[in-house]
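J.: I would like the atomic coordinates for the input below:
(one chain, ligands or ions: 1)
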Amino acid sequence: MGQIDILIAGSGIAGLATAIALRQLESPDFKVNIQLYEKATELTEIGASIALSPNGLRTLERLGVHNALDDNVGFRGPSAVPMIYRHWKTNEVVSDDRFVNVPEHKHQTARFHRGHLHQALLEHVPRKDIHLNKGVRHADADANGVTLYFEDGSSAKGDILVGADGLRSKVRVAFNPEHSLHWTGRTLFRSTFDASLVENIPDLPPDSTHWWGPRHTFFASKLGKNQYTTVGQYDPTEFPQSQDPATVKWDQDGDVSIFRDLYKDWNPVVKALTEVTPYVRLFPNFAGQPLDSWVFHSRVTLVGDAAHTHGGAYAAGGSLALDDAWALYLSFRQVLAGIKPGIQLSVRNIHDALTLYEKTRLPHTERLMKGVLAGIGAPSPQTDDELRQKIKSRPSGIWLTEHDVEAAFATVLLEQGLVGNASLESESIPKQSRL
Ligand SMILES: Cc1cc2nc3c(=O)[nH]c(=O)nc-3n(C[C@H](O)[C@H](O)[C@H](O)COP(=O)(O)OP(=O)(O)OC[C@H]3O[C@@H](n4cnc5c(N)ncnc54)[C@H](O)[C@@H]3O)c2cc1C
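T.: Residues are numbered from 1 along each chain as shown. Okay, here's the model as predicted:
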């Protein structure tokens, strides 16, 4: 019987989704042993919201995580539009996003408390396979396998290493020591709280809403399980009393009085939302250049924020992480279909699978990252007309939110000559992998 030992660093959304996806490779001829190593001492998520777009929700369904698709867990607004954009001062609707091809309600953009989404994924991963308090210090790989070295002095060995250890990934650093992150000039105030606190706000929009002002934005939405979120995006260097962004830690306590002060001249709905927001936490936004490759020593790859350091732009990271996991599964499934049942995967086989994965995901996420990096430091609108124009002419995100990872994978197969005819059906697996 063939067997593969897979190490996953990190058990956030990307790590859990990767474990769920790769477990589906198991068959009577092929055993898949997956171990996750997480630096946290308990399995909790930070108290913030996360949006999943149609691409991510479709992938959740493929992963079998049906427990996250329910309207009770994720909030979908009554107007069936993913986002409404309003004017900061007048509160009038200036624009909205529309779905292009999302016929099924369960695939329409949903907003979660991160803890609820994380919990839904956790239900599909055996608890015994998640090792807590295992902060990765370093990683390496050679012809014989991969090794993770932990902060407590212990180590773990396997055949494949997947770095799912987030934006500040130690696995990425181990194989790309030159890569660095930069503050984007934006910091987020975030809060989640019980939706009963907003019940008495007059004219509160029932849909997820983004208010745009000349320099700052404000987002508010109901979440699943009767939670509510408020998010303020600002440049702290404009506030003498706020902390230096370079020294602000991720998920640090913020000053709710600065948050309220930031929006004191905005329309009454936004002002009221800041008044009922009980606390805020700070999330400085960092981003880095795209990597040239996602395959290291033929045995190591990255998923989620570790792979694409886009710094939270377009609220796309959760869905991208799910699609990464699915693309990695499709790639290994493809290669496994080309080898004799029951034999071990060779380094060459692993390399081929990781290369298919990279070709499916790297160009897509690179497009996002180039857009993010180009937008840093863009001038603010000087007049109200310019602001309205900026809202109306914002770039469409449909290529991201309705991206079909299976179609992208099928296109890669075609480009690599791995599909006999022109069918783009990802179900069609060739008899022989020819990478
Ligand atoms: C506050 C906030 C709001 C966001 N909002 C949205 C949104 O609305 N929509 C959206 O799509 N995306 C959003 N994102 C981004 C999105 O959450 C991520 O892109 C997505 O969850 C993928 O994350 P990940 O699993 O790759 O990384 P993470 O969620 O950062 O998980 C990484 C995991 O690795 C662990 N880890 C880190 N370092 C080590 C180490 N050295 N050793 C072992 N384990 C380690 C961490 O503890 C964590 O469990 C948000 C992110 C944050 C933090």
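
J.: residues near the residue in the stretch 51-200 of the chain that the ligand sits nearest to, how many?
T.: The minimum distance from the stretch 51-200 of the chain to the ligand, using C-beta to the nearest ligand atom, falls at Gly166 (2.8 Å). Glycine gets a C-beta too; all of them are placed from N, C-alpha and C. By the other C-beta atoms under 10 Å criterion, the neighbourhood of Gly166 contains 23 residues.

J.: how about it, what does it touch?
T.: With contacts defined as C-beta atoms under 8 Å, 6 or more residues apart in numbering, the neighbours of Gly166 are Gly10, Gly12, Ala14, Gly304, Asp305, Ala306.

J.: count of neighbours near Thr401?
T.: What Thr401 shows, counting by other C-beta under 10 Å, is a neighbour count of 24.

J.: what sits against it?
T.: Ser53, Pro54, Asn55, Pro82, Thr109, Ala316, Ser319.

J.: check contacts around the first one.
T.: Meaning Ser53. With C-beta under 8 Å, 6+ apart, Ser53 has these contacts: Pro82, Thr109, Ala315, Ala316, Ser319, Leu400, Thr401, Glu402.

J.: what are the buried residues along stretch 130-147?
T.: The neighbour-count check on stretch 130-147 (16 or more other C-beta atoms under 10 Å) flags Ile130, Lys134, Gly135, Val136, Ala139, Asp140, Ala141, Gly145, Val146, Thr147 as buried.

J.: I'd say the second one and Thr41 touch.
T.: No. Contact criterion C-beta atoms under 8 Å: Lys134 and Thr41 do not qualify, at 9.8 Å.

J.: can you list the residues of the stretch 51-200 of the chain near the ligand?
T.: Where the stretch 51-200 of the chain comes near the ligand, counting by C-beta under 6 Å from any ligand atom, the residues are Ala51, Gly135, Val136, Ala164, Asp165, Gly166, Lys170, Arg190.

J.: now the second one, nearest residue through space, not along the chain?
T.: Of all residues not flanking Gly135 in the chain, Lys39 sits nearest, at 3.5 Å (C-beta to C-beta, 6 or more residues apart in numbering).

J.: how deep is that neighbour tucked in, by neighbour count?
T.: Counted with other C-beta under 10 Å, residues neighbouring Lys39 total 18.

J.: I'd assumed Asn133 was in contact with it.
T.: Yes. Under the contact definition of C-beta under 8 Å, Lys39 touches Asn133, with a separation of 7.3 Å.

J.: ranking the contacts of Thr401 by neighbours, who comes first?
T.: In terms of neighbour count, Ser53 stands highest of the contacts of Thr401 at 29 neighbours, by other C-beta under 10 Å.

J.: circling back to that earlier point, keep only the contacts of Gly166 that also lie close to the ligand.
T.: Among the contacts of Gly166, the ligand is touched by Gly10, Gly12, Ala14, Gly304, Asp305, Ala306 when using C-beta under 6 Å from any ligand atom.

J.: which residue sits closest to the fourth one, ignoring its sequence neighbours?
T.: When the adjacent residues along the chain are set aside, Gly304 lies closest to Ala14, with 2.6 Å between them (C-beta to C-beta, 6+ apart).

J.: identify the residues contacting that neighbour.
T.: Ala14 sits next to Ala164, Gly166, Val303, Gly304, Asp305, Ala306, Ala321, Asp324, Ala325 when contact means C-beta under 8 Å, 6+ apart.

J.: find the helix or strand that it is a member of.
T.: Assignment of secondary structure by DSSP states H and E places Ala14 within helix 13-23.

J.: and what of Lys31?
T.: Applying DSSP H and E as the criterion places Lys31 in strand 30-37.

J.: return the list of strands paired to the helix or strand just after that strand, each annotated with direction.
T.: Following strand 30-37 in sequence order, the next helix or strand is strand 49-52 (DSSP H and E). Strands adjacent to strand 49-52 in the sheet, as given by DSSP bridges, are strand 110-113 (antiparallel).

J.: hey, C-alpha coordinates of the partner strand in CSV?
T.: The C-alpha coordinates for strand 110-113 follow below in CSV (Å, rounded to 0.1, in the frame of the first residue of the first chain):
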residue,chain,number,x,y,z
ALA,A,110,-21.8,35.2,3.4
ARG,A,111,-20.3,36.9,6.4
PHE,A,112,-19.2,35.0,9.5
HIS,A,113,-17.7,35.5,12.9
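
J.: contacting residues around that strand?
T.: Among residues not part of strand 110-113, those counted as contacts by C-beta under 8 Å, 6+ apart are 45, 47-52, 57, 68-69, 71, 73-76, 192, 208, 221-225, 227, 229.

J.: still on that earlier bit, mark which of the contacts of Ser53 are part of helices, please.
T.: In helices, defined here by DSSP state H, the members of the contacts of Ser53 are Ser319, Leu400, Thr401.

J.: ok, the closest residue to Val125 other than its chain neighbours - contacts?
T.: Distances taken as C-beta to C-beta, 6+ apart put Ala19 closest to Val125, at 5.0 Å, once the chain neighbours are dropped. Under the criterion of C-beta under 8 Å, 6+ apart, the contact partners of Ala19 comprise Ile8, Ser11, Ile34, Leu36, Val125, Asp129.

J.: separation between Ala19 and the ligand?
T.: Here the distance between Ala19 and the ligand works out to 11 Å (C-beta to the nearest ligand atom, to the nearest Å).

J.: distance of that residue from Ile46?
T.: Using C-beta to C-beta, to the nearest Å, one gets 20 Å for the distance from Ala19 to Ile46.

J.: next one: Leu69
T.: Taken as C-beta to C-beta, the spacing of Leu69 relative to Ile46 amounts to 23 Å.

J.: number of nearby residues for Glu238?
T.: There are 10 residues near Glu238, going by other C-beta under 10 Å.

J.: actually, Asp384.
T.: Under the criterion other C-beta under 10 Å, the count of neighbours that Asp384 has is 13.

J.: what about the longest helix anywhere in the chain and the ligand, touching?
T.: Ranked by residue count under DSSP H, the longest helix found in the chain is helix 347-375. No. Using C-beta under 6 Å from any ligand atom, we find that helix 347-375 stays clear of the ligand, coming within 10.8 Å at best.
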